[in-house]
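Q: pasting the structure only:
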DNA sequence: AAAACGGGGAC
DNA sequence: GTCCCAGTTTT
């Protein structure tokens, strides 16, 4: 298309990309979505907001009820917010509904009720970012803007086999560049729908249907044989490591002191080993907190346990208790747990592991 | 059980 | 600027 008039493009691939995609769209794309007939800015806008975080099939009945009740932008702007949210209920992310209503009122106040055609004015409306603004202007007015929703990100990261997580700033910038490069000069409306349709129906998150994909030949992820390796997952947050000392306190090499955890928080309500900070002396700690006299401490191998939000490095210490204290035993927060006839109380996994290791050591003596 | 999703708002 | 969150669906 763009190579007419002898114009030499530096990178002919994007045109090829669009041409193939549009050819596929003519045959296999979605041409009968409710917001395509009739297609006006208000309906396209409404559909794009509803489609954020929500799939087409879920959106359609909501869209129809919404435009039945609010046929025009002015109807929406003059409606009570409660009515809007009522029609939104079930769609989730109710801030979208609030922003939609607020934006409608802004358009009435600032743009005479006409949906703005300037991308900066559109992006300034609540609930509309760069991608949604581009999608609306492309579909409603045929303006050439890139879009970059989740579908497009998936298609592009696969097509270019892009390393890195798309949420990362530099990766997102690259994606916008690729998205704009891939956008043709003609048939913007169809192209915008086409790339979203491809992502939704062919280049799906799992089990992509590469065999019917019009971009298969040039898709780097396909050529590498691993389309589902892209987009790369969000890197797990670097989670902190906390260190604690767990005490295996026994008067008789059979019973071990367990302490019940508070009802909320980590291991809520479970019975765990008493702990002391890593930097303190266990002998002094036990005396000070529980009036337990202990001796012959020996170090057990350290243990690592991973939670969703931190690692726990456990440095266990075993010790003999010289005075199985009445005070500790009286508290229903503590028990002398018989390791030879274990009862059914809940123990955290690493505590189970430690008790097993501790018993092995006892038996070796 | 975990990941994904686009924009807003907190920091 | 960057990070985190919202609610529901999908895997």
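A: Cool, got the structure. Predicted model only: the values in this text are computed from it and were never measured.
Q: quick one: low-confidence residue ranges for chain A.
A: For chain A, residues meeting the criterion pLDDT under 70 lie at A:1-14, A:235-241, A:263-265, A:268, A:306-310, A:326, A:329, A:344, A:365.
Q: please identify the helix or strand for the closest residue to DNA strand C within it.
A: Using Cβ to the nearest atom of the strand, residue A:92 is the residue of chain A that sits closest to DNA strand C, at 2.9 Å. Every C-beta, even on glycine, is put in place using the N, C-alpha and C of the backbone. Using DSSP states H and E, residue A:92 is not contained in any helix or strand.
Q: show me what from chain A comes close to DNA strand C.
A: With the criterion set to Cβ under 7 Å from any atom of the strand, chain A comes near DNA strand C through A:53, A:55, A:57-58, A:90-95, A:169, A:204-206, A:237.
Q: near DNA strand B, from the residues you listed?
A: Under the cut-off given by Cβ under 7 Å from any atom of the strand, DNA strand B has A:53, A:93, A:95, A:205 from those close to it.
Q: give me the distance from the longest strand anywhere in chain A to the chain's centre.
A: Determined from DSSP state E, the single longest strand within chain A is strand A:241-250. Relative to the centre of its chain, strand A:241-250 is centred 33 Å away, using Cα atoms, centre = their mean, to the nearest Å.
Q: and the helix or strand just after that strand, what other elements does it pack with?
A: With elements assigned by DSSP H and E, the helix or strand that comes after strand A:241-250 is strand A:255-260. When contacts are defined as 3 or more Cβ pairs under 8 Å, 6 or more residues apart in numbering; DSSP states H and E, strand A:255-260 packs onto strand A:241-250, strand A:271-272, strand A:334-338, helix A:349-364.
Q: list of residues touching strand A:255-260?
A: A:247-250, A:269-274, A:292, A:321, A:324, A:328, A:332-339, A:345, A:347, A:351, A:355, A:358 (Cβ atoms under 8 Å, 6 or more residues apart in numbering).
Q: let's see 7 Å
A: The contact list for strand A:255-260 (Cβ atoms under 7 Å, 6 or more residues apart in numbering) reads A:248-250, A:269, A:271-274, A:328, A:333-339, A:355.
Q: what lines up beside it in the sheet?
A: Next to strand A:255-260 in the sheet, as set by DSSP bridges, lie strand A:271-272 (antiparallel), strand A:334-338 (antiparallel).
Q: got the angle between that strand and helix A:349-364?
A: Angle of strand A:255-260 versus helix A:349-364, following axes from the mean of the first three to the mean of the last three Cα atoms, to 10 degrees, is 170 degrees.
Q: out of the ones next to DNA strand B among the residues of chain A next to DNA strand C, which are buried?
A: Buried members of those, scored by 16 or more other Cβ atoms under 10 Å: none.
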